[in-house]
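Asks: Predicted model, plus sequence, below.
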Amino acid sequence: MTNKLIQDYTSFVKKNKLQPIVDVAIFGIIIVFFHFLWWNGLKSFLLNFMGFQQLELFLAHQVFLPAAWVVENILQYPIKTVGNALFFENNGYVEVVGSCSGL
C-alpha cells in the first residue's frame, strides 16, 4: 500500500514536472523547523557555552572586513568604521552583528 502511494506520488510529480516545487517546499519545511528550534531554546542554550559569543563576534568581524573593503574600494563610498559598523556621509550606517555571522 505504501509503495503504491509513493509510486503514484512520484509519477504525478514527474508527469507534471513539479520537482522544483517539491524541492522548494522541502527547503521551506527545513527552514521553518530550524527557525523554530533556534528561537525556542537552542540559541539561549548555546549562549550559555563559553566561547559561543566570542565565536559569533569573531565571525561577524570576518564578514565585516570584506564588506568594508568592497564598499570602500569597489563601490568607492567614503566611509568611517567604528567596531563592526560602516558609517556613510549621508548619516546612514550598517552594522554587522552576530546574526550576520551565520551562527
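Replies: Looks like it came in fine.
Asks: make it CA atoms for all contacts and neighbour counts henceforth
Replies: Fine.
Asks: Now do the buried residues in stretch 67-74.
Replies: Buried residues in stretch 67-74, defined by neighbour count with 16 or more other CA atoms under 10 Å: residue 68.
Asks: Quick check: what element follows the helix or strand of the chain with the lowest mean pLDDT along the chain?
Replies: Every helix and strand in the chain was compared by mean pLDDT, DSSP states H and E; the lowest is helix 43-47, with a mean of 76. As assigned by DSSP states H and E, the chain's next helix or strand after helix 43-47 is helix 52-69.
Asks: all strands for this protein, in order.
Replies: 79-82, 85-88, 93-95 (DSSP state E).
Asks: Columns mean neighbour count, mean pLDDT and distance to residue 10 on top of these, output as JSON lines?
Replies: Formatted as JSON lines, the strands of the chain follow (neighbours: other CA atoms under 10 Å; pLDDT from 0 to 100; distance: least, CA to CA, whole Å):
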{"stretch": "strand 79-82", "mean neighbour count": "13", "mean pLDDT": "94", "distance to residue 10": "54"}
{"stretch": "strand 85-88", "mean neighbour count": "17", "mean pLDDT": "94", "distance to residue 10": "50"}
{"stretch": "strand 93-95", "mean neighbour count": "14", "mean pLDDT": "92", "distance to residue 10": "46"}
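Asks: The ones you listed: which one's closest to residue 32?
Replies: Minimum separation from residue 32 across those (CA to CA) falls at strand 93-95, 26.0 Å.
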